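A.B. asks: the following block contains a protein sequence and its predicted model.
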Amino acid sequence: MKVVIAGAGISGLATAYALLERVPELDVRVFESEQVSGGKIRTERTPDGFLCEWGVNAFLDNKPKTLELAGRLALEPLRSYDASRKRYIYSEGVLHRLPESPPSFFLSNFLSLRGRLRILGEIFTPRGTDPDETLAEFAIRRLGREAFEKMIDPMASGVYAGDAGALSLKSCFPRIYEIEQEYGSLIRGLIALQKRARKEGKTDKPSAGPGGKLTSFAEGMGSLVSALCETLGSRVCTGQGVVRVEPEGKTWAVELSGGEVVRADAVVLAVPAYAGREILSEVCPRIGGILDRIPYPSLAICSLGYRKEKISHSLDGFGFLVPSREGRKVLGTLWDTSIFPNRAPAGYIMLRSMVGGARASDLALLSEDRIVDLVREELKTIMGIEALPDFVRVYRHEKAIPQYLRGHAEGLSAIQKELTGLSGLYMTGNAFRGVALNDCVTNAFLSAKDISAYLMT
Ligand SMILES: Cc1cc2nc3c(=O)[nH]c(=O)nc-3n(C[C@H](O)[C@H](O)[C@H](O)COP(=O)(O)OP(=O)(O)OC[C@H]3O[C@@H](n4cnc5c(N)ncnc54)[C@H](O)[C@@H]3O)c2cc1C
């Protein structure tokens, strides 16, 4: 039996791997339109010794699937330095360290006293009635405007490069939505969850946020892709995109960009939403219409390396995010060499800034020189760095991260309904149920389970 997978990003590769684990004799083919596999995961080790991540920088170790996959591929995970748990927000001209515990939060002056008291009022705020609020509506209603603008809005930038006024809370941060629904209050919910965790002897504190420790590999995230490709071998075919799929009785005809038609018992689309829309335009335009409503704003990554002695800033932590009300041109900057070892040659540091996203997509498409200039200007204002960088890399993603807008969950249900009439066709990837790498890997394994069950009946 044969399965064709479109897309050799982590979703497609992990689906192929998981399928073969379940049914080793399966004939699995992964077709990738680009000349290289990995999708948004690609690592460049430059000849002068800088390690630059083109897209995905790391994953959190609090969800097991990526770590498990790495373990099965004999990859040694690399945990971030402890000090990188210190995170900063640039607000009103100052980098504020984000308080890490409730007492330190209430003692810090990051929010005004009024803003802090408003957060306490969250306990008395009634449960929401709108089943699909935006992140901004939810946060302002429960935590107040100041907490939203200074803390929640930058979170939308950090994870989605998104606009909190447009992202659906339920689809983007389902855990937060569930806590409100279950406990009526985030504070009460977290206290109850912490009590339960203590009773069960768990050491990890439950939180509404992502939690966990940032994790990568000594040679960067590209190691995960290389290991998967090595295991899958000639089953991965790059430079051959899927153009069209069509049901033919109980099988599927898959047309490739070179004109060849491959027949398969099941087809998995692990491509971005805009590519899925094209592939399905004839066989199911209704799914195409839903996929069309998932935008992908542009995002540029600008990595600058400096000789250490040029930088007086302590770089003690993970880096900073910038709330959109500050009107700056960077979404945030990671202090890469303070997060993982081995990211720059001895005697150098490296900073990685994000430009563009849903609120300023056009900035990401400026020329590389202009992007470097504007990042340098922002680093001068925010961190006092005036020196010329010794190393520069800019990566531009014209279509970066899918945005789950209001109505996303209904869209997914409608797609699921359409797919029931298209036996043997599956869709996975970051356009649907989580953009984080961990979500992609988890969903790839779930898809493999469904596909193998379908093939075995
Ligand atoms: C700049 C950036 C930074 C990120 N950083 C992080 C991070 O640090 N941590 C994290 O958890 N997540 C991060 N993400 C999210 C990341 O997108 C996902 O975690 C994950 O890598 C997405 O994998 P995917 O396979 O679903 O999609 P993709 O990686 O987009 O892969 C889809 C693949 O399909 C291919 N394709 C497209 N059309 C066709 C076609 N017609 N036929 C065949 N193949 C096709 C594409 O070329 C691509 O290789 C980041 C995203 C971006 C853009």
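C.D. replies: Received, thanks.

A.B. asks: burial measure for the residue in the stretch 251-400 of the chain that the ligand sits nearest to, as a count.
C.D. replies: Going by Cβ to the nearest ligand atom, the ligand is nearest to residue 275 of the stretch 251-400 of the chain, at 3.3 Å. In this view, the C-beta of every residue, glycine as well, is placed from N, C-alpha and C. Counted with other Cβ atoms under 10 Å, residues neighbouring residue 275 total 20.

A.B. asks: against the ligand, how distant is residue 436?
C.D. replies: 4 Å (Cβ to the nearest ligand atom, to the nearest Å).

A.B. asks: enumerate every residue touching that residue.
C.D. replies: 59-60, 159, 210, 430 (Cβ atoms under 8 Å, 6 or more residues apart in numbering).

A.B. asks: also near the ligand: which of these, exactly?
C.D. replies: 59, 430 (Cβ under 6 Å from any ligand atom).

A.B. asks: reformat the contacts of residue 436 into a markdown table and put pLDDT and neighbour count next to each item.
C.D. replies: As requested, these are arranged in a markdown table below (pLDDT from 0 to 100; neighbours: other Cβ atoms under 10 Å):
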| residue | pLDDT | neighbour count |
| --- | --- | --- |
| 59 | 97 | 26 |
| 60 | 95 | 17 |
| 159 | 93 | 16 |
| 210 | 56 | 16 |
| 430 | 98 | 23 |
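
A.B. asks: which single one of the contacts of residue 436 is nearest to residue 326?
C.D. replies: Nearest to residue 326 among these is residue 159, at 18.2 Å by Cβ to Cβ.

A.B. asks: now the host helix or strand of the closest one, how far from the centre of its chain.
C.D. replies: Following DSSP states H and E, one finds residue 159 within helix 153-160. Averaging C-alpha positions (Cα atoms, centre = their mean, to the nearest Å) puts helix 153-160 10 Å from its chain's average.

A.B. asks: next, the residue of the stretch 251-400 of the chain closest to the ligand: secondary structure please.
C.D. replies: The three-state assignment at residue 275 reads helix, by DSSP: H, G, I helix; E, B strand; the rest coil.

A.B. asks: I'd say it and residue 31 touch.
C.D. replies: No. Counting by Cβ atoms under 8 Å, residue 31 is not a contact partner of residue 275; they are 11.6 Å apart.

A.B. asks: name the residues contacting each of the two.
C.D. replies: 6-7, 241.

A.B. asks: also near the ligand: which of the residues you listed, exactly?
C.D. replies: Answer for those near the ligand (Cβ under 6 Å from any ligand atom): 6-7, 241.

A.B. asks: can you tell me which of the residues you listed are in strands?
C.D. replies: residue 6 (DSSP state E).

A.B. asks: and of the ones next to the ligand among the shared contacts of residue 275 and residue 31, the nearest to residue 355?
C.D. replies: residue 7 (26.1 Å).

A.B. asks: and the helix holding residue 159, what other elements does it pack with?
C.D. replies: Here helix 153-160 touches helix 135-143, helix 169-172, strand 319-321, strand 332-334, going by 3 or more Cβ pairs under 8 Å, 6 or more residues apart in numbering; DSSP states H and E.

A.B. asks: give me the residues contacting that helix.
C.D. replies: Taking Cβ under 8 Å, 6+ apart as the rule, helix 153-160 contacts 89, 135-136, 139, 162-164, 167, 172, 209-210, 321-325, 331-332, 354, 357-358, 401, 403-404, 435-436.

A.B. asks: adding secondary structure, write the contacts of residue 436 out as JSON lines.
C.D. replies: JSON lines is the format used below for these (three-state DSSP):
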{"residue": "59", "secondary structure": "strand"}
{"residue": "60", "secondary structure": "strand"}
{"residue": "159", "secondary structure": "helix"}
{"residue": "210", "secondary structure": "coil"}
{"residue": "430", "secondary structure": "coil"}
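
A.B. asks: any residues of the stretch 301-450 of the chain in contact with the ligand? List them.
C.D. replies: Counting by Cβ under 6 Å from any ligand atom, the stretch 301-450 of the chain sits next to the ligand at 301, 397, 400-401, 429-430, 435-437, 440.

A.B. asks: tilt between the helix holding residue 159 and helix 135-143?
C.D. replies: 140 degrees (axes from the mean of the first three to the mean of the last three Cα atoms, to 10 degrees).

A.B. asks: next, the buried residues of helix 153-160.
C.D. replies: By 16 or more other Cβ atoms under 10 Å, the buried positions in helix 153-160 come out as 153-160.

A.B. asks: kindly report the same for stretch 218-229.
C.D. replies: Going by neighbour count (16+ other Cβ under 10 Å), the buried part of stretch 218-229 is 220-229.

A.B. asks: for those residues, which one is nearest the ligand?
C.D. replies: Closest approach to the ligand among those (Cβ to the nearest ligand atom): residue 221, at 7.6 Å.

A.B. asks: residues touching the closest one, list them.
C.D. replies: 41, 43, 53, 56-59, 437.

A.B. asks: any stretches of the stretch 101-250 of the chain with poor pLDDT?
C.D. replies: 203-210 (pLDDT under 70).

A.B. asks: which stretches of it form strands?
C.D. replies: Ranges of strands in the stretch 101-250 of the chain, per DSSP state E, counting those that start in this stretch, are 214-216, 236-238, 242-248.

A.B. asks: pull out the buried positions in the lengthiest helix in the chain.
C.D. replies: Secondary structure of the chain per DSSP state H: the longest helix is helix 437-456. Buried residues in helix 437-456, defined by neighbour count with 16+ other Cβ under 10 Å: 437-445, 447-448, 451-452, 455.

A.B. asks: with stretch 161-180 instead?
C.D. replies: If you call a residue buried by 16+ other Cβ under 10 Å, then stretch 161-180 has these buried ones: 161-173, 176-177, 179-180.
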